[in-house]
Structure formats: C-alpha cells, structure tokens
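Engineer: Sequence unavailable; structure follows:
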Ligand code: B12
Ligand code: SF4
Ligand code: SF4
C-alpha cells in the first residue's frame, strides 16, 4: 500500500489508537514559526526557560536538514477532558485550587504523564506502519523533542492557531496535546485549515495576567502556566494576586473560547478534592501545601505535576490560599511559614498570611 490509501489507513489507525486527529505535512523548513520564536526569545518573552534557546529553535525549524532521510511528518493530536469550574463555588469544605486539565490526564483510569502516553501511542502507530511499509525509518517527538508542535500541526491541517496561540481542532477544540512522527515514506501532505478566529477576541481579556500581549503572542513571563510550572524561586509579587487559585498550569484562555464550549463541562461536585490518587482539577489546597517529599512523590511521580517538585507545588498552593480569601487556611499557612524546609515556600506562606490577615 502507498500514497493516499496508505495515508487514509494511517489516519484511521491513529484514531483507533485514541488520537482525535492526524494529518501529514512536508518536512520543509518552518520559516515563519522560526522567525516568531526567535523574536519571542529576543524580546525576552521566553526568559526563565533557559532550555528554549535560539539553537533549539533553529534545529526545530529545520527537520529536513537534521533528518535527511525524512520525507513526511505525521502530526497527531491527543484529546483530553476539560474541567470547567462550577457555576457556584463549592458550599462546604476547605478551599479548592485548580490544576490544568491536561495535568489530570488519565490512561486506563490511572494518572498518566502525557509524554509517556503519547510516546507509547506513537510507537504503536509506527509499528502498524512498518507492517505496511517494511524498512520504514521513523523518529517521534513528544513535546520535549526539538520540534515545533503547533506549526507542524497547522501545516498538517489538524486545526488553526487561535488568538490564545493554542491549536484549535475541529474534533476536540484546543483541548489536545500534540506529537509527531517523522517518517521516511513520502506520504501525500494535507492542506492547512482555512478557518480562523474571525472577529472573536474572547480569550484576550480572559487572561488575568495580560500574558496575551497581541493575537497569537504570549509573554511567557506573565503566563500562569509558566509561573506555576517552569518558574523557579519566588513568583514576582505583582503577579501573585492575579494568579487566582491555579497551582499547576492555567486553562482560562481555553475556557473562554466559544469553540471549546460545546465540550460538555463536568460539574465540580463529584470531582475528588484529595490528590491521593494523582492530580485532580480542583485540589484541596491545604492538603497539597503540607505534603512531604514522600507523599508528593507517591501522588505525582509519573504525572505532569512531578515537574514542579514538592516545593514548587507548595509555593503555588500558598499563593493560591492567599488569593482564595478563606481565613480558615491561616493555621496551615502559619505552619508552612514556620517549618517548611524551603525558604521560597516560607516566604510565599508569609505573603499569604499577610494578605489573609488584612482581608
Ligand atoms: C514553551 C512552551 C510553553 C511556554 C510558552 C508558551 C508559548 N505560547 O510560546 C509556556 C510555559 C507559557 C506554555 C504554556 C502552555 N502550554 Co506550552 N509549550 C511550549 C513548547 C515547549 C514550545 C512552544 C514554542 O515554541 N513557543 C514559541 C512560539 C513563538 O511558538 P508556538 O506557540 O509553538 O507557535 C505559535 C506562535 O508562533 C503563534 N504566533 C506567535 N506570534 C504570532 C503572531 C501572530 C500575528 C500570529 C497570528 C501567531 C503568532 O503561531 C504559532 C502557531 O500556533 C510547546 C511544545 C513544542 N515542542 O512545541 C508546548 C505546547 C505549545 N504547550 C502546550 C500546552 C497545552 C500549554 C498550556 C495550555 C498548558 C496549560 N494548560 O497550562 C499553556 C498555554 C499557554 C498559551 N496560551 O500558549 C501544547 C499546546 C497544544 C495546543 N492545543 O496548541 C504544546 C504544543 C505541548 C504539546 N506537545 O502538546 N507552553
Ligand atoms: S494559560 Fe492562563 S495565564 Fe497563560 S495566556 Fe492563557 S489565560 Fe493567560
Ligand atoms: S476565544 Fe475567540 S479569539 Fe480566542 S482562540 Fe477562541 S475563537 Fe479565537
């Protein structure tokens, strides 16, 4: 099998494996995305992510040069379940925070890190392809690989980039994670989507920190996702009150998007508050603030939240408790202020105590 029939069968197999969408792009250089990413670095918008270097951008933008055997790139989008907030705040119980929906991804009812989940599904797809195309060479990229996930997905027709910069698919809105597989087989490329946001601008004012500085342009330094996941050390004081109760990532620009609204939000009430079986969309902040290294590892190893480390999560929970405005959290915050082993957590707890005491 070759050409269009092989591609159609490949897309069907990708869907059978659980991907929401799949498409094929050429491997020629990504000139515009390269320019935009280099501009973002030069303007300081990527400061705080030392791994996001111009060399990395140059390499990611030119797959053809790095992999001369590659003829096509298969772009893949994995759907995840959105977790919209309730219309009414929960009536009882300790203050709840927010973890972004992608971090709460589960696989066969167990918490999963999307990197592992997508890598396994990409490998399964390559194994399937090799049965049709013996001798096929392949290389997969899942987020941390040096590839430009969104621009590749756009070129392969999986969807379009919204004004919040995330790729929006027809199948699952922007609630998708992206991966790709370079292959030595020349597959017929898809056409980029001709859709766009039109006159909508709903996501821009929905960003509480003003991180969407222009349509499609994110100042990572102000993005709650960066602040809660990537940023090390104390969070800048002027941004803390704007972070609400997010403790890992942020979904506000996606929640504001009308294209995502048709993805039925589950109610909060049945959602678990405790993180004892992994990340949950609305975690108990007091519980997460007080986790030991051991309990943090038991709950979050093998999930996206592992990246913050125990002290990163505790820092975020202290700030979220300061913003939640529930003085019942004062004893837990005072305990962290007095005895947390990390000075950044102690300082953040002190900030929260002051904020709650003044309220
Ligand atoms: C660095 C990074 C971040 C940084 C910086 C984000 C950013 N917007 O650049 C931080 C930590 C803030 C971040 C946050 C998030 N991220 Co992130 N991140 C990345 C990473 C590793 C690189 C992105 C990158 O190269 N940025 C540089 C910019 C310049 O390029 P770009 O965003 O890829 O491409 C678009 C821009 O160039 C945009 N653009 C830029 N300027 C302009 C100007 C105009 C006029 C226009 C129209 C467009 C435009 O158009 C491009 C095409 O979409 C990718 C994985 C990867 N290897 O690609 C994941 C990735 C982009 N992140 C992802 C996710 C899920 C998120 C979060 C939703 C997580 C969360 N819930 O907290 C947030 C969303 C924040 C947002 N609104 O973008 C997914 C996105 C999936 C999707 N549907 O698009 C990716 C692809 C990871 C994955 N493999 O699935 N992320
Ligand atoms: S993820 Fe949150 S902070 Fe970042 S751009 Fe979107 S709304 Fe703003
Ligand atoms: S909210 Fe509106 S402007 Fe923003 S990404 Fe969605 S459709 Fe585009």
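Structural biologist: Cool, got the structure. The shown structure was predicted, so the numbers you read here are calculated from the model rather than taken from an experiment. Residues are numbered from 1 along each chain as shown. Ligands and ions are numbered 1, 2, ... in the order given.
Engineer: what's the residue lying closest to residue 62 once chain neighbours are set aside in contact with, if anything?
Structural biologist: Residue nearest to residue 62 in three dimensions, not counting chain neighbours: residue 29, with 4.7 Å by CB to CB, 6 or more residues apart in numbering. C-beta coordinates here come from the backbone N, C-alpha and C atoms, glycine included. Contacts for residue 29 (CB atoms under 8 Å, 6 or more residues apart in numbering) come out as 61-65.
Engineer: is it true that residue 114 touches residue 102?
Structural biologist: Yes. Under the criterion of CB atoms under 8 Å, residue 114 makes contact with residue 102 at 6.3 Å.
Engineer: helix/strand/coil for whichever residue of the stretch 51-200 of the chain sits closest to ligand 2?
Structural biologist: Of all residues in the stretch 51-200 of the chain, residue 164 sits closest to ligand 2, at 5.7 Å by CB to the nearest ligand atom. Applying DSSP: H, G, I helix; E, B strand; the rest coil to residue 164 yields a three-state assignment of coil.
Engineer: picking that back up, export the contacts of residue 29 as CSV, with columns for neighbour count, pLDDT and secondary structure.
Structural biologist: CSV is the format used below for the contacts of residue 29 (neighbours: other CB atoms under 10 Å; pLDDT from 0 to 100; DSSP: H, G, I helix; E, B strand; the rest coil):
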residue, neighbour count, pLDDT, secondary structure
61, 23, 97, helix
62, 16, 97, coil
63, 25, 96, helix
64, 15, 94, helix
65, 11, 95, helix
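Engineer: which one of those is nearest ligand 3?
Structural biologist: Of these, the one sitting nearest to ligand 3 (CB to the nearest ligand atom) turns out to be residue 61, at 23.8 Å.
Engineer: quick revisit: which residues do residue 114 and residue 102 both contact?
Structural biologist: 80, 177, 304.
Engineer: Mark which of these are part of strands, please.
Structural biologist: residue 177 (DSSP state E).
Engineer: List only those of the shared contacts of residue 114 and residue 102 flagged as buried.
Structural biologist: Neighbour counting over the shared contacts of residue 114 and residue 102 (16 or more other CB atoms under 10 Å) leaves 80, 177, 304 as the buried ones.
Engineer: and the gap between the residue positioned nearest the centre of the chain and residue 316?
Structural biologist: Among the residues of the chain, the one closest to the centroid is residue 102, at 5.8 Å (CA atoms, centre = their mean). Residue 102 is 16 Å from residue 316, where distance means CB to CB, to the nearest Å.
Engineer: thinking again about what came up before, generate TSV for the contacts of residue 29, with distance to residue 356 as supplementary columns.
Structural biologist: TSV is the format used below for the contacts of residue 29 (distance: CB to CB, whole Å):
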residue	distance to residue 356
61	47
62	52
63	51
64	56
65	55
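Engineer: Any idea what the residue of the stretch 51-200 of the chain at minimum distance from ligand 1 is bridged to?
Structural biologist: Using CB to the nearest ligand atom, the single residue of the stretch 51-200 of the chain nearest to ligand 1 is residue 161, 3.0 Å away. For residue 161, the beta-bridge partners are residue 167 (DSSP bridges).
Engineer: got the contact list for it?
Structural biologist: 150, 154, 167-168, 216.
Engineer: and it, how far is that from residue 227?
Structural biologist: Using CB to CB, residue 161 is found at 23 Å from residue 227.
Engineer: now residue 207
Structural biologist: In terms of CB to CB, residue 207 sits 12 Å off from residue 227.
Engineer: of the two, who's got more company?
Structural biologist: Using other CB atoms under 10 Å as the criterion, residue 207 and residue 227 rank with residue 227 on top: 26 against 21.
Engineer: For the more buried one, give me its contacts.
Structural biologist: Contacts of residue 227 (CB under 8 Å, 6+ apart): 209, 235, 239, 243.
Engineer: Equivalent analysis for residue 300, please.
Structural biologist: Neighbour list for residue 300: 275, 278-279, 306, 313 [criterion: CB under 8 Å, 6+ apart].
Engineer: Buried ones from those, can you make that a ChimeraX selection?
Structural biologist: The buried subset of these, as determined by 16+ other CB under 10 Å, is captured in ChimeraX by this line:
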select :275,278,279,306,313
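Engineer: longest single helix anywhere in the protein?
Structural biologist: What stands out as the longest helix in the chain, according to DSSP state H, is helix 114-132.
Engineer: Tell me where the model's unsure across this protein.
Structural biologist: Filtered on pLDDT under 70, the chain yields the residue ranges 1, 85-92, 264-270.
Engineer: how does it look with 80?
Structural biologist: Along the chain, the model assigns pLDDT under 80 to residues 1-2, 84-92, 144-145, 262-271, 359.
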